[in-house]
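Chemist: when you get a sec, could you give me coordinates for this:
(one chain, ligands or ions: 2)
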Amino acid sequence: MLLEVRDLHVEFRTRDGIARAVDGVSYAVDAGQTLAVLGESGSGKSVTAQAVMGILDTPPGRITGGEILFQGRDLLGLREEERRRLRGDKMAMIFQDALSALNPVLPVGDQLGELFVVHRGASRREARARAVELMDRVRIPGAAQRVRDYPHQFSGGMRQRIMIAAALALEPALVIADEPTTALDVTVQAQVMDLLAELQREYRMGLVLITHDLGVVADVADRIAVMYAGRIVESAPVHDIYKAPAHPYTRGLLDSIPRLDLKGRELYAIKGLPPNLTRVPPGCAFHPRCPMARDVCRTEVPPLYEVSEARGSACHFWRECLDDGER
Ligand code: SF4
Ligand code: MG
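Modeler: Numbering: from 1, shown residues only. Ligands and ions are numbered 1, 2, ... in the order given. This next block holds a predicted model:
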């Protein structure tokens, strides 16, 4: 396995008390696979990714338990220097906001080229050539001229392609993309997502794709892990989820996707808001918002029940939910 997160716990000290941002998360992704991690903001999906990358701000964030195995090695036992080396070479991250991730006062070609200078000992001339190749690869028209341009001279979609180019420059084994298309308009979103999926296959990378939008992952993900209030509530192969969700929260997310065949029908949105992580409701954290909630849900924390060999659901009534979806 390329990446295995095991029972990860991350806490944040806030003015309101301790927030359990990540509360026992486990997931895995293999080379050539895409895992989509889905959830509303505050569900812990980005914090988990930051823990994997080793860029979690400390303090106030603190990893309080678990393991993060990358190619079999526990990253949490490594020194910062080794982690930094891994980050440059073997794992990379793509952020939502390319404009703040790129240096505004350096031509993009120099920023891409720098990666080859620092990590591969390339000369300036080689680095420039590699930068042009990369920009070509992510389909920036006129790459040979545009390497001299600054980030603000590119459109949002082009900047996001440049971010992808930077992430893939050193051909990392693992890429984590945190809402890579959220800031883009819908048509550009699809193009950028297609490009990312194409490159992921070509390079046989493991990809962790973090998103709040179940609509963007159908064609690109192998598996989906749905997070709520710092936990994984459903984990399954993508086709299983689309066929019939085994958790009411997943069903809510599915029903919120605009569908052409149901045009004109009002979109279902999950009522209420995710909980404050310093005061997570007892029992099933989703119970105040769950249309299926019963008494037991208010007192008993649901474990991740085994729905099938490849699938888990943290709902006491997953069977009912599944039957409902199949009807
Ligand atoms: Fe809803 Fe109960 Fe299942 Fe939680 S355990 S998702 S409250 S039915
Ligand atoms: Mg986030």
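Chemist: so in the chain, where's the weakest helix or strand by average pLDDT?
Modeler: helix 98-101 (a mean of 78; mean pLDDT, DSSP states H and E).
Chemist: which residues are in contact with whichever residue of the stretch 101-250 of the chain sits closest to ligand 1?
Modeler: Distances between the stretch 101-250 of the chain and ligand 1 by Cβ to the nearest ligand atom are smallest at Pro248, namely 4.5 Å. (Glycine included, C-beta is placed from N, CA and C.) Shown in contact with Pro248 (Cβ atoms under 8 Å, 6 or more residues apart in numbering): 286, 290-292, 315, 317, 321.
Chemist: cool, and Gln33?
Modeler: The neighbours of Gln33, taking Cβ under 8 Å, 6+ apart as the test, are 2, 206-207, 222-223.
Chemist: tell me which element the spatially most central residue of the chain is part of?
Modeler: Residue closest to the average C-alpha location in the chain (Cα atoms, centre = their mean): Ile210, at 1.9 Å. For Ile210, the enclosing helix or strand under DSSP states H and E is strand 206-211.
Chemist: quick one: distance of that strand to the chain centre.
Modeler: 4 Å (Cα atoms, centre = their mean, to the nearest Å).
Chemist: so the helix or strand just after that strand, near ligand 1 or not?
Modeler: Following strand 206-211 in sequence order, the next helix or strand is strand 223-228 (DSSP H and E). No - using Cβ under 6 Å from any ligand atom, strand 223-228 stays clear of ligand 1, with a minimum separation of 8.7 Å.
Chemist: go on, stretch 234-243?
Modeler: No - Stretch 234-243 lies apart from ligand 1 when judged by Cβ under 6 Å from any ligand atom; the minimum separation is 9.6 Å.
Chemist: can you give me the buried ones in that stretch?
Modeler: 234-236, 238, 240-242 (16 or more other Cβ atoms under 10 Å).
Chemist: only C-alpha atoms, please: export the helix or strand just after the least confident helix or strand of the chain in CSV.
Modeler: Next in sequence after helix 98-101, counting helices and strands by DSSP H and E, comes helix 108-120. Taking Å, rounded to 0.1, in the frame of the first residue of the first chain, the C-alpha atoms of helix 108-120 are listed here in CSV:
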residue,chain,number,x,y,z
VAL,A,108,5.8,30.9,-13.4
GLY,A,109,8.6,29.3,-15.5
ASP,A,110,11.1,30.2,-12.8
GLN,A,111,8.9,28.7,-10.1
LEU,A,112,8.5,25.4,-12.0
GLY,A,113,12.2,25.4,-13.0
GLU,A,114,13.3,25.9,-9.4
LEU,A,115,12.0,22.5,-8.5
PHE,A,116,14.4,20.9,-10.9
VAL,A,117,17.3,23.1,-9.7
VAL,A,118,16.7,22.3,-6.0
HIS,A,119,15.7,18.6,-6.2
ARG,A,120,17.4,17.4,-9.3
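Chemist: list of residues touching helix 108-120?
Modeler: Under Cβ under 8 Å, 6+ apart, the answer for helix 108-120 is 88-89, 102-103, 122-124, 126-128, 130-132, 134-135, 146-151, 154, 162, 165-166, 169-170.
Chemist: give me that answer again for 7 Å
Modeler: By Cβ atoms under 7 Å, 6 or more residues apart in numbering, the residues outside helix 108-120 that reach it are 88-89, 102-103, 122, 126-128, 130-131, 134, 147-149, 151, 162, 165-166, 169-170.
Chemist: now it: mean pLDDT?
Modeler: Averaged across helix 108-120, pLDDT comes to 94.
Chemist: circling back: so for the least confident helix or strand of the chain, what gets flagged as buried?
Modeler: 98, 101.
Chemist: go on, stretch 301-320?
Modeler: 302, 304-305, 307, 311-318.
Chemist: element containing the residue of the chain positioned farthest from its centre, please.
Modeler: Computed with Cα atoms, centre = their mean, the residue of the chain farthest from its C-alpha average is Arg125, at 34.9 Å. Arg125 belongs to helix 124-137 when assigned by DSSP H and E.
Chemist: and the next helix or strand past that helix?
Modeler: Toward the C-terminus, helix 124-137 is succeeded by helix 143-146 as the next helix or strand (DSSP H and E).
Chemist: and that following helix, how far from the chain's centre?
Modeler: So, by Cα atoms, centre = their mean, the centroid of helix 143-146 is 31 Å from its chain's centroid.
Chemist: show me what the biggest helix by length in the chain is packed against.
Modeler: For the chain, the helix with the greatest residue count under DSSP state H is helix 186-203. Judged by 3 or more Cβ pairs under 7 Å, 6 or more residues apart in numbering; DSSP states H and E, helix 186-203 is in contact with helix 156-168.
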